[in-house]
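Q: just need the structure, nothing else, for what follows:
(2 chains)
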Amino acid sequence: MSPENIGKAFQRWLDGDVNFLEHMTDTAHVPDSQREELKAGRRQLQHEIRHRGSHRLLRAEEAGFRIVYNAVAVISCIVLIGVLLFIVSRLPRYGVENPRTLTVVERYVEKGLQETGAVNIVAGMILDYRAFDTLGESHVLFTALVCVTILLRRDRKNMDSTLEDYYTIRRDRYYDTSRDGLIRRIAVVLLPCILVYGIYILLNGQNSPGGGFSGGAVLGAGLILFVASFGFDAADRFFTQKVFSVISFVSLAFYSFAKGYVFFTGANGMENHIPKGTPGAILSGGLILPLDIAVGMVVACTMFGFYSLFKRGSIGKD
Amino acid sequence: MTDVLKIMLLVLLVVCAVSVNLTRNLLAAVVIFMAFSSMTCIIWILIESPDLAITEAAVGAGISGTLFLMTLKKLHAEDTGETQADLPGTPGTPDSEDAHEP
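A: Presented below is the predicted three-dimensional model:
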C-alpha cells in the first residue's frame, strides 16, 4: 500500500464511510455466476477452521484452558458470595431504625410532603431531592439506545451484502408474529388496558406508586405488544425516526432546563415560582408531574427503540 | 401466611437462579429468567415497595425477556439444524413476488 492510498483510506475513515473488509465481505458487486463459487470457498474455509481444532496440541491446550477457566469461575463465584454475605451480615436488621441514616430519613418522612408537595414520598425523593440522579439515569438510557443504534442499525452503508440482507428480510417475514390471529385478538383486548394503565401510572406518579420510569416502561411494553401483533407498518404511521428524535430531545432538554432552574434558584437562596398545588390533586407536586411525563416519554421511546432496532435494524421510517 | 409465601418465593428464586446457569437450552434459560423476575415482583409487593414491583414487572419480566428472545432469534440460536436454504421462500435467486427487496 502506497502512502497515498493510506492517506486516502485515512480520509475516508475520518469521513466515516470506510469498511476495511469491503473487498472480502461485499458480494453486491460480484456477478451472479461467481457468487456460488464465492460461497463454496467460504464454506471450505469454515470447514478447515473447524477441523483444525482436532489437532492434538490444540486439543490439549483447549482442555487446559477449560480447567483453568472452570477453576477461576468457581473461585471468583465463592469470593463474590463471601463478600456479599459479609456485607449483608453487617447491615442493620430489616425494620430496625439505624441511627446512622436516621437524620435523612426523618427529614424526608416529616417534611417531604410539605417541601415537595407529593403524597408519594418516593416520587418526591427521586424527582425532587434526588432529581439529579434521575436526570443522569434518563441520559444513561438515551446513551444506551445510541450505542445500540451504532451497533445494530442496518442501512445501505453497513449491510454485509444485499443478498444477505435479502435472506434476513425473508427470514424475519417467515417468523413474523403479526400474522398470528391469536396474538392479534388477545392484543385487541389487552392493549387499551395496558396503555391506559401506563398513562395512569405516569400522570398519578406524585400521588400513588409509580412515576416516570415505571409508567414509561409499561407504555413501552404496550407499544412493543402493539408492534408484535399489528406489524411495523401500523407503527410507522405515527412513530417515525423523526418523532422519536423530537420526543427524546424535547423531554431531555426540558428536564435539564427545568431542573437547572430549580437547582440554580435553590443554590442561590432565591425563591422559585413553581406552585406546589394541593397535595393529592393531579396537578400537584410542583415540577414532579412534568418531569414524570418527560422521563416516561424518554423511557417509552427507548424501550420501543430497543425492540425496533433488535427486530429490523431501524427505529422507524426516516 | 405471608411468611410462608415469602420463604417459598425466596427458595424458588434460588432454584431459578441456579437452574438458569445449569440449563443448556437458551430458550428455557430466558423463560426461567422471566419467571425469576415475576417472583421478584411479588416479593417487592410483599415488602411494600409497589413502585419497584411495577418496574420489575414491566422491565424484568416483559421487556428484557423480549429483548433476550430477539437476540436468540438474531443469533439463530433456537434453530434445529435448519439452514437458510431450507426455509420456505428463500431460494438462491429472488423470486418475482418480492423483486423490489434486494
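
Q: mind checking how far residue A:188 is from residue A:218?
A: The gap separating residue A:188 from residue A:218 is 18 Å, by Cβ to Cβ, to the nearest Å. All C-beta atoms are positioned from the backbone trio N, CA, C, and that covers glycine.

Q: show me which of the two is the more surrounded one.
A: The neighbour comparison of residue A:188 against residue A:218 (other Cβ atoms under 10 Å in any protein chain shown) goes to residue A:218, with 31 against 11.

Q: quick one: average confidence on the host helix or strand of that one?
A: Taking DSSP states H and E as the criterion, residue A:218 maps to helix A:212-230. For helix A:212-230, mean pLDDT rounds to 90.

Q: what's the answer for stretch A:287-298, then?
A: 89.

Q: what's in contact with it?
A: A:116-118, A:123-124, A:127-128, A:131, A:134, A:138, A:141-142, A:198, A:202-203, A:205-206, A:211-213, A:215-216, A:219, A:247-248, A:251-252, A:254-255, A:258-259, A:262, A:274, A:282-283 (Cβ atoms under 8 Å, 6 or more residues apart in numbering or on different chains).

Q: among those, which ones are buried?
A: With burial judged by 16 or more other Cβ atoms under 10 Å in any protein chain shown, the buried subset of the contacts of stretch A:287-298 is A:116-118, A:123-124, A:127-128, A:131, A:134, A:138, A:141-142, A:198, A:202-203, A:205-206, A:211-213, A:215-216, A:219, A:247-248, A:251-252, A:255, A:258-259, A:262.

Q: select from those residues every entry located in helices.
A: Under the assignment DSSP state H, the buried ones among the contacts of stretch A:287-298 contribute A:116, A:123-124, A:131, A:134, A:138, A:141-142, A:198, A:202-203, A:212-213, A:215-216, A:219, A:247-248, A:251-252, A:255, A:258-259, A:262 to helices.

Q: can you narrow those residues to ones near chain B?
A: residue A:213 (Cβ under 8 Å from any Cβ of the partner chain).

Q: by mean pLDDT, flag the weakest helix or strand of chain B.
A: Every helix and strand of chain B was ranked by mean pLDDT, DSSP states H and E. The lowest is helix B:64-74, at a mean of 87.

Q: what's it packed up against?
A: helix A:288-312, helix B:26-46 (3 or more Cβ pairs under 8 Å, 6 or more residues apart in numbering or on different chains; DSSP states H and E).

Q: a markdown table please, covering those helices and showing mean neighbour count.
A: Converted to a markdown table, the helices and strands packed on helix B:64-74 look like this (neighbours: other Cβ atoms under 10 Å in any protein chain shown):
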| stretch | mean neighbour count |
| --- | --- |
| helix A:288-312 | 24 |
| helix B:26-46 | 17 |
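
Q: in a markdown table: these, plus distance to residue A:4.
A: Output for the helices and strands packed on helix B:64-74, formatted as a markdown table (distance: least, Cβ to Cβ, whole Å):
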| stretch | distance to residue A:4 |
| --- | --- |
| helix A:288-312 | 38 |
| helix B:26-46 | 49 |
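
Q: least confident of those helices, on average?
A: What stands lowest among these, in mean pLDDT terms, is helix A:288-312, with a mean of 89.

Q: give me the angle between it and helix B:64-74.
A: Relative orientation of helix A:288-312 versus helix B:64-74 (axes from the mean of the first three to the mean of the last three Cα atoms, to 10 degrees): 20 degrees.

Q: by mean pLDDT, flag the weakest helix or strand of chain A.
A: Per-SSE averages on chain A (mean pLDDT, DSSP H and E): minimum helix A:22-25, a mean of 48.

Q: low-confidence ranges, the stretch 101-250 of chain A, go.
A: When residues are selected by pLDDT under 70, those of the stretch 101-250 of chain A lie in A:101, A:156-169, A:171-175, A:177-178.

Q: who are the neighbours in contact with the residue nearest to residue B:52 when sequence neighbours are not counted?
A: Spatially, and ignoring its direct neighbours in sequence, residue B:52 is nearest to residue B:44 (4.4 Å; Cβ to Cβ, 6 or more residues apart in numbering or on different chains). Neighbouring residues of residue B:44 by Cβ under 8 Å, 6+ apart: B:50, B:52-53, B:56.

Q: go again using 10 Å as the cut-off
A: B:50-57 (Cβ atoms under 10 Å, 6 or more residues apart in numbering or on different chains).

Q: quick one: those as CSV, columns for distance to residue A:266 and pLDDT too.
A: Rendered in CSV, the data for the contacts of residue B:44 read as follows (distance: Cβ to Cβ, whole Å; pLDDT from 0 to 100):
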residue, distance to residue A:266, pLDDT
B:50, 30, 88
B:51, 25, 88
B:52, 28, 89
B:53, 32, 92
B:54, 30, 91
B:55, 28, 89
B:56, 32, 91
B:57, 35, 91
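
Q: got those residues as TSV, with neighbour count, distance to residue A:295 and secondary structure columns?
A: As requested, these are exported to TSV (neighbours: other Cβ atoms under 10 Å in any protein chain shown; distance: Cβ to Cβ, whole Å; DSSP: H, G, I helix; E, B strand; the rest coil):
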residue	neighbour count	distance to residue A:295	secondary structure
B:50	16	18	helix
B:51	20	13	helix
B:52	19	16	helix
B:53	21	18	helix
B:54	24	14	helix
B:55	24	12	helix
B:56	23	17	helix
B:57	21	18	helix
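
Q: related to what we said a few turns ago, minimum distance to residue A:46: which of the helices and strands packed on helix B:64-74 has it?
A: Closest to residue A:46 of these is helix B:26-46 (Cβ to Cβ; 22.0 Å).

Q: how far off helix B:64-74 does the closest one point, in degrees?
A: Using the same axes, to 10 degrees: helix B:26-46 against helix B:64-74 is 170 degrees.

Q: then helix B:26-46 to CSV, C-alphas only?
A: Output in CSV follows, covering the C-alpha atoms of helix B:26-46 (Å, rounded to 0.1, in the frame of the first residue of the first chain):
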residue,chain,number,x,y,z
LEU,B,26,-31.1,-20.9,25.8
LEU,B,27,-34.8,-20.5,25.2
ALA,B,28,-35.5,-22.3,28.5
ALA,B,29,-33.0,-20.0,30.2
VAL,B,30,-34.8,-16.9,29.0
VAL,B,31,-38.2,-18.3,30.2
ILE,B,32,-36.7,-19.1,33.7
PHE,B,33,-35.2,-15.7,33.8
MET,B,34,-38.6,-14.2,33.2
ALA,B,35,-40.1,-16.4,35.9
PHE,B,36,-37.4,-15.2,38.2
SER,B,37,-38.4,-11.5,37.5
SER,B,38,-42.1,-12.3,38.1
MET,B,39,-41.3,-13.8,41.5
THR,B,40,-39.1,-10.8,42.4
CYS,B,41,-42.0,-8.6,41.5
ILE,B,42,-44.3,-10.4,44.0
ILE,B,43,-41.5,-10.2,46.7
TRP,B,44,-41.3,-6.4,46.1
ILE,B,45,-45.1,-6.2,46.8
LEU,B,46,-44.7,-8.3,49.9
